[in-house]
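Asks: Structure, please.
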Amino acid sequence: MILALTEKSPGAVSRRRHKKKRSSRGKETAVGDARGKAQATDGSLGLVLATNDASKIGRGDWILDSGASRHLVNDESLLLDSSSCSHEIAMADGESLRLTRAGNVRLEVLARGVKTVVTLADVYLAPRLAKNIVSYVKLESKGYGIVYDGDKRALDRRSDGIVAFDVATDSNVLYVETTATSRRHGDGDAILTALEAHSAEASADDAHEATLLHWHQRLGHLAFDTIVRMARDPASGIKLSSDKRMACVSCMEGKQTRSAQSQEDSGTNSPIDRIGGVICSDLEGPMTPRDRLHNRYLVNLIDHKSNYCRVFLARTKDAAAKHFEAFHIHFERRFGFKIHVLRTDGGGEYANIDLFCKRTGVARQVSEARNQASNGKAERMHRTLLNLARSMMFASALPLQYWGDAVQYAVYILNRSPTRANEKRASPLEMLTGKVPDLRGIVVFGSPCSVYRDPRKNSLLKRSQHGIIVGVVVTQHVKDIATLSEAQNAQLQRAMDAGDRAGDTEEAETTVAAITKAAARQEELAESGEVVNTAFERDPISYSEAMRGGKRDGWMKAIREEVAALQSNDVWTIVKRAPGTHALPTKWVYKTKTDAQGNLERLKARLVACGNEQVLGVEYKLTFAAVMDLTTVKVILALAATWGVPSKHGGIPNAYVKAEKEAHLRIFLQMPRGMQVSEETLRTHGATSASELVLELRKILYGLKQAGRLWSLLLHAKLVDAGFVRCESDMCFYWKREGADLVVVGVYVDDLLATGTSAAAVEILYESLASLSIKDLGQVSKFLGMRVQLACEGGYKLDQEKAIGDLVRDNGLVDANPTRTPIGDDCYEIEADDTALLGTTGAKTGATVRDFQSLVGSLL
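Replies: Here you go, the predicted model:
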């Protein structure tokens, strides 16, 4: 028979209510909802007894019971300062339970996980009691109560939140895990006063007096020194009953740090005092954005003694092992020093290098985990290289995709610059070769330059190309090198590596000559000649790039014209951004408009929404929109030649923005860059900056997934209202009979190609679409990338000379010689994992799979 406080549901304590009734024998009986009942021989002591197996509750643990009116203990040795008494209570089976002594009990308990000691006052001895009892009613009368924190429970003092002890549960029985002790606890007694009897007249100051450990817990485990300083100020309301600094287990678990790390490179038993003795390597990345060759990682390899460094750019981590193999051959063949030890961290990128090291006799050394100093030379080299690369990038104002070139250029400079890490501040190359490097060939990164362009048999071509210097390639005894594209430059580097691996200079020269034999002869480079990589200006791809270029004023004018056109079409309404509003980002797309001969017409800036962030069902639903087939274009031109009426080209400016948005959808845009917001507009909407405003679309904008479909529906409705009939074989081909005349028109998004049996009938088409602000571009001369010319003998001539020229230029083949068999038997084999997926001369970024797909599509 034990006393129990049962728990019916989480967060709720079942407190038994008991009432007293007078028995026939004149004794008080306590009645409750627990099983069984007890009779007390003394009216001041009423108990409720309940049965429970409580298998996990030890004899030394204490049951927390709401039906007990007194604390009870079954071991006399636990009582302190005890005195005799005589009480008797009746058990449920009719037997009596005698209480012979009363005193205090000192218990070791857990409070928020920290061991502490508490004292229970007025505890009665009941030797026959199966379990020790803590009276919840008595504790509650002194201002204590159970609090819940998730699945944890504790008893705290409601006045100040000080936790007395943690409460555990087993089989719906609450109990306190304790270790009773009869010895004095010294300063720990001060902690225990929380549960000792307090008079109702205790002063208000007592609520603020506690031990240093209690205040430490109460103030979120603040430092002991801080709490002591706060207690010195009476205004803080903090009083310390004990300033003993006891160990806090929670602080150990939450705050403990590692001991001070070594500031020197580890591995002193390695041959770091000889060149090639230790090669340190580390990988940095992924970098954002990717470089122009689509690389994301840097792999550096540094000789510990000479500080000679090489950096390899990689797309994936697993390329690190392959690059070490290349470095091993390069270092030993070029400088004649054998590599003894490779030191890396424990990263998985080096997991597949062990076999190569065993085969070549290179020992592997793995640095200490989470200790940068153990491989400090490689770690510091990354920081040095990236600091130099960032500085060069910002000074040159090049796009961030050129960070790979900047890092390689930084390595080129560091290997030729003196360093205090070497004896007599010698440069790394001087340590390896014994010669002082010549620095006269180093120029400012990003400097403009003119590169010779071979005119071949056409003496009227320009003799130079404008570019910028982004790196150098060191070669030896190389002849017949023309201006190199990115692809040719990559082939040259591979040929050099092949020469290093074979150890045969003449073979390397033969390989280079084979690659460049299609180019015209050029002056022989110096023995340490340098080939300059170039990058050419194209349309900007971002607002920042447009504002940095030489056409800044022209692009800014185009932006203002676009914003004015959109506002005149009532495309959006400026509103203040409400919390939780999903606003789509915007982007400026820049295009240099040219005529059929490639002459500049104007600069065009178009504002588009980033439709890739639209949410299906919330910001769009249906998206399909048809376009005219190329065969239909040829049919219209053939009809024009047959009828003798030249085809006319029509264009609808800002076509998409004329279509109404779906009425049931709400679409918001972020404020586009370059759009000016007046102070009056800010005041009207109660905003302090433009970032607090968004654009709520009333019409459709370019870039939205449903834009093409909605514009197609609008144009179809306009043409049907004008009497045109859609052709069944091509949804974008319409015809109309106007009396004896027939008019046909083909639609490709916002471009129209029309002809008819008479010129007057074609004019009717333009009049019927006047509400869309259609522009009459006159007789067609350029349509869908084709140049259209009316032949003297009748009919039309179609060619794509300009499109082909752009395709050749974009893919870096301007200086290439034509051949009837583009791929011959003697072509250089491109490895599957090589970076020679031809980078283009004018491209801002490296070639990707999408570029090759686009190239194939352009040829169809």
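Asks: Which residues are in contact with the closest residue to V749 other than its chain neighbours?
Replies: Excluding the flanking residues, the one nearest V749 by Cβ to Cβ, 6 or more residues apart in numbering is V627, at 6.4 Å. Glycine gets a C-beta too; all of them are placed from N, C-alpha and C. Neighbouring residues of V627 by Cβ atoms under 8 Å, 6 or more residues apart in numbering: 732, 748-749.
Asks: Confirm that V627 sits in a helix.
Replies: No - going by DSSP: H, G, I helix; E, B strand; the rest coil, the assignment for V627 is coil, not a helix.
Asks: what ranges do the helices span in the stretch 551-700 of the chain?
Replies: Secondary structure of the stretch 551-700 of the chain, counting by DSSP state H, counting those that start in this stretch: helices at 552-568, 630-643, 679-684.
Asks: no, scratch that, I was asking about the stretch 301-450 of the chain
Replies: Under DSSP H, counting those that start in this stretch, the stretch 301-450 of the chain gives helices at 319-335, 354-360, 376-396, 403-414, 428-433.
Asks: Identify each buried residue in the first one, please.
Replies: Which is helix 319-335. By neighbour count with 16 or more other Cβ atoms under 10 Å, helix 319-335 contains the buried residues 319-324, 327-331, 335.
Asks: right, so of the helices of the stretch 551-700 of the chain, which gets closest to A770?
Replies: helix 552-568 (16.2 Å; Cβ to Cβ).
Asks: Output the closest one in CSV with nothing but the alpha carbons.
Replies: Output in CSV follows, covering the C-alpha atoms of helix 552-568 (Å, rounded to 0.1, in the frame of the first residue of the first chain):
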residue,chain,number,x,y,z
ARG,A,552,25.2,53.1,-69.8
ASP,A,553,23.3,56.2,-71.0
GLY,A,554,21.8,54.3,-73.9
TRP,A,555,20.6,51.4,-71.7
MET,A,556,19.3,53.9,-69.0
LYS,A,557,17.2,55.6,-71.7
ALA,A,558,15.9,52.3,-72.9
ILE,A,559,14.8,51.4,-69.3
ARG,A,560,13.0,54.7,-68.9
GLU,A,561,11.2,54.2,-72.1
GLU,A,562,10.1,50.7,-71.1
VAL,A,563,8.8,51.9,-67.7
ALA,A,564,6.9,54.7,-69.3
ALA,A,565,5.3,52.4,-71.8
LEU,A,566,4.2,50.0,-69.1
GLN,A,567,2.8,52.7,-67.0
SER,A,568,0.9,54.2,-70.0
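Asks: Which residue ranges make up the domains of this structure?
Replies: What automatic domain parsing lists as the domains of the chain is 19-198, 201-247, 278-433, 568-589+612-799, 807-859.
Asks: what's the burial count for S427?
Replies: 22 (other Cβ atoms under 10 Å).
Asks: and what of G285?
Replies: That count, for G285 with other Cβ under 10 Å as the rule, works out to 18.
Asks: Next, the contact list for it, please.
Replies: 296-298, 314, 317.
Asks: The same query, at a cut-off of 10 Å, please.
Replies: Neighbouring residues of G285 by Cβ atoms under 10 Å, 6 or more residues apart in numbering: 295-299, 313-317, 349, 382.
Asks: got a pLDDT number for it?
Replies: We have a pLDDT of 80 for G285.
Asks: What separation do you get for it and A558?
Replies: 37 Å (Cβ to Cβ, to the nearest Å).
Asks: go on, I162?
Replies: According to Cβ to Cβ, I162 stands 70 Å off from A558.
Asks: Tell me which of the domains of the chain lies nearest to E253.
Replies: Minimum separation from E253 across those (Cβ to Cβ) falls at domain 19-198, 8.4 Å.
Asks: Let's test this: mean pLDDT of that closest one, rounded?
Replies: 67.
Asks: Okay, now stretch 688-695: how far is its last residue from its first?
Replies: End-to-end distance for stretch 688-695, by Cα to Cα, to the nearest Å: 16 Å.
Asks: again but with stretch 723-733, I slipped
Replies: End-to-end span of stretch 723-733 (Cα to Cα): 13 Å.
Asks: roughly how far is it from the heart of the chain?
Replies: 48 Å (Cα atoms, centre = their mean, to the nearest Å).
Asks: ok, now stretch 437-456?
Replies: Its chain's C-alpha centre and that of stretch 437-456 lie 38 Å apart, by Cα atoms, centre = their mean.
Asks: Tell me which residues of it come out buried.
Replies: If you call a residue buried by 16+ other Cβ under 10 Å, then stretch 437-456 has these buried ones: 437, 445-446, 451, 453.
Asks: What of stretch 127-143?
Replies: Going by neighbour count (16+ other Cβ under 10 Å), the buried part of stretch 127-143 is 129-139.
Asks: ok so, going back, pick out whichever of the buried residues of helix 319-335 sits closest to L695.
Replies: Proximity of those to L695 (Cβ to Cβ) peaks at A319, which lies at 44.7 Å.
Asks: isn't that closest one right next to I353, touching?
Replies: No - using Cβ atoms under 10 Å as the test, A319 is too far from I353 to be in contact (11.1 Å).
Asks: re the thing from before, so between I162 and A558, which is more surrounded?
Replies: Per other Cβ under 10 Å, whichever of I162 and A558 has more neighbours is A558, with 22 against 19.
Asks: Tell me the pLDDT of the closest residue in space to the more buried one that isn't next to it in sequence.
Replies: The shortest distance from A558 to any non-neighbouring residue, by Cβ to Cβ, 6+ apart, is to A605 (3.7 Å). You'll see A605 listed with a pLDDT of 90.
Asks: out of the helices of the stretch 551-700 of the chain, nearest to N811?
Replies: Evaluated with Cβ to Cβ, those place helix 630-643 nearest to N811, the distance being 22.6 Å.
Asks: distance between that closest one and the chain's centre?
Replies: Distance, centroid of helix 630-643 to centroid of chain: 52 Å (Cα atoms, centre = their mean).
Asks: what do you get for stretch 127-137?
Replies: Distance of stretch 127-137 from its chain centroid, counting by Cα atoms, centre = their mean, is 59 Å.
Asks: end-to-end on it?
Replies: 22 Å.
Asks: cool, stretch 124-136 as well?
Replies: End-to-end span of stretch 124-136 (Cα to Cα): 15 Å.
Asks: Next one: the closest residue to A406 other than its chain neighbours from I413, what distance?
Replies: Spatially, and ignoring its direct neighbours in sequence, A406 is nearest to A389 (3.8 Å; Cβ to Cβ, 6+ apart). Going from A389 to I413 by Cβ to Cβ gives 11 Å.
Asks: and what of G150?
Replies: Distance from G150 to I413, by Cβ to Cβ: 59 Å.
Asks: One more: S568?
Replies: For S568, the distance to I413 (Cβ to Cβ) stands at 54 Å.
Asks: where does A803 land in three-state SS?
Replies: helix.
Asks: Can you check the pLDDT for it?
Replies: For A803, the model assigns a pLDDT of 79.
Asks: R820 now?
Replies: Taking R820 on its own, its pLDDT is 64.
Asks: which residue ranges form the helices in the stretch 101-250 of the chain?
Replies: For the stretch 101-250 of the chain, the helices defined by DSSP H, counting those that start in this stretch cover 136-141, 189-192, 212-218, 224-231, 249-255.
Asks: what would those helices look like in TSV with distance to I541?
Replies: Formatted as TSV, these follow (distance: least, Cβ to Cβ, whole Å):
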stretch	distance to I541
helix 136-141	72
helix 189-192	68
helix 212-218	58
helix 224-231	54
helix 249-255	48
